[in-house]
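Colleague: show me how the following folds:
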Amino acid sequence: MMTAFQDSVTVFTGGKLYIAGEYSVLTPGQSAVIKNVDIFMKGEITFSERYELYSDMYDYSVVLEKKDENYSLIQETIETVNEYLELKGVGIKPFRLKITGKMEKEGKKYGIGSSGSVTVLTVKAMAEIYNYSIPEEVIFKLSAYVLMKRGDNGSMGDIACISYNSMILYTSFNRDDIREKIGKEDLLDIIDSDWGYVIEKIGCPENYEFLAGWTKKPSISRDMINKVKNSINEEFLIESENIVQNLKKGIILGDTSKIKEYINKNGELLRSLDEGIYSREMEILTKITENLDIPGKSSGAGGGDCGIAVCFSSEESERLILEWKKAGIETIYRSRL
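Modeller: Numbering: from 1, shown residues only. Purely as a prediction, here's the structure:
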């Protein structure tokens, strides 16, 4: 297959935050509403004599062939996409990849999906430099494949949202089924198979605003998931799915009462799951939204990182931003819902 390569390409990927359904979506068949966050990582890629990888997370670069713990995610992503492209008949060449945009401040991460973003960024950069069209669905599958191969215990909802760069309803698949195939079946066969997930882009017709407040307390999602997952039971899953589906309807209709009700209900459900999800800083963040009658909650694994709120007017947003600031909560993102 002949492909006209690009000389040099720049690509971007953003982050994500959960509006509802975190934790329940770890169970196959359960759903979540996830919002894209346009705080971007940038990838600059150009063909060169040898593979050279650089990320501004670190003060050094590496080659592909010499394994490095800090760069292992990027290296494994490149190896997987190289295999995919070769199976598709594309002749691969070495390149230089420079990644910038740390999704953190003063050494503390925001918790908006940096590992997912760097994986998707690498896949997108390679597709672009080879001028080879890889649809969003395959970008998602290749990225999720890499993370599952590495033993990631997440739902892959972050990868879905970042791959599609949209607010989505995501229904998770059985990751164990796919993990069992890795190393046993052909990569193309795995990518082409039906994994059983659903990704549906959704949007709100009204001019409501989505805000992300950063507690400045980093959390390790993997550790929180391991701590909390044993508390998840059937009752929790049923209630969470009901909340997610009703919230989706509320967002699509622009129904303020539904949006408010089900964001708050999801926050209460998370609080009842494990007290560790709401750190002291997150309690402060959500108490402020409650006092202003604005729907808000912890987002994602919890234990720190970000909380979210939905405001129904710019005046509400301004009040919330001011009150958060007084309490030491930094608004790192504000956009249309």
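Colleague: doesn't residue 14 make contact with residue 114?
Modeller: No: here residue 114 lies out of contact with residue 14, judged by Cβ atoms under 8 Å, at a distance of 10.7 Å. Glycine gets a C-beta too; all of them are placed from N, C-alpha and C.
Colleague: which neighbours do those two have in common?
Modeller: residue 41 (Cβ atoms under 8 Å, 6 or more residues apart in numbering).
Colleague: residue 309 and residue 337: what is the separation?
Modeller: To residue 337, residue 309 is 10 Å away according to Cβ to Cβ, to the nearest Å.
Colleague: so if I had to pick from those two, which one is more boxed in?
Modeller: Legend: neighbour count by other Cβ atoms under 10 Å for residue 309 and residue 337, higher for residue 309 (27 against 20).
Colleague: so what's that one bridging to?
Modeller: residue 211, residue 296 (DSSP bridges).
Colleague: contact partners for it?
Modeller: 210-211, 213, 289, 294-296, 320.
Colleague: in TSV, list the residues you listed along with neighbour count and pLDDT.
Modeller: Shown next, in TSV, are these (neighbours: other Cβ atoms under 10 Å; pLDDT from 0 to 100):
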residue	neighbour count	pLDDT
210	21	98
211	24	98
213	29	97
289	26	98
294	22	98
295	25	98
296	26	98
320	25	98
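Colleague: make a markdown table from the residues you listed and add distance to residue 231 to it.
Modeller: As requested, the contacts of residue 309 are exported to a markdown table (distance: Cβ to Cβ, whole Å):
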| residue | distance to residue 231 |
| --- | --- |
| 210 | 28 |
| 211 | 28 |
| 213 | 25 |
| 289 | 24 |
| 294 | 28 |
| 295 | 24 |
| 296 | 23 |
| 320 | 30 |
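Colleague: and the residues you listed, which is closest to residue 257?
Modeller: residue 295 (10.2 Å; Cβ to Cβ).
Colleague: so where does the residue nearest in space to the middle of the chain fall, helix or strand?
Modeller: Centroid check for the chain by Cα atoms, centre = their mean gives residue 158 as the closest residue, at 2.5 Å. Using DSSP states H and E, residue 158 sits within helix 157-164.
Colleague: which other helices and strands contact the following helix or strand past that helix?
Modeller: Using DSSP H and E, the helix or strand that follows helix 157-164 towards the C-terminus is strand 168-171. Under the contact criterion of 3 or more Cβ pairs under 8 Å, 6 or more residues apart in numbering; DSSP states H and E, strand 168-171 touches strand 31-47, helix 157-164, strand 198-201.
Colleague: just name the most buried of these.
Modeller: Of all the helices and strands packed on strand 168-171, helix 157-164 carries the top mean neighbour count, a mean of 29, counting by mean count of other Cβ atoms under 10 Å.
Colleague: could you pull up the mean pLDDT of that one?
Modeller: Averaging pLDDT along helix 157-164 yields 98.
Colleague: can you check stretch 170-182 too?
Modeller: Averaged across stretch 170-182, pLDDT comes to 97.
Colleague: could I get the buried residue list for that stretch?
Modeller: Neighbour-count burial for stretch 170-182, counted by 16 or more other Cβ atoms under 10 Å, picks out 170-173, 175, 178.
Colleague: in the stretch 101-250 of the chain, which spans are strands?
Modeller: For the stretch 101-250 of the chain, the strands defined by DSSP state E, counting those that start in this stretch cover 104-105, 108-109, 168-171, 198-201, 209-214.
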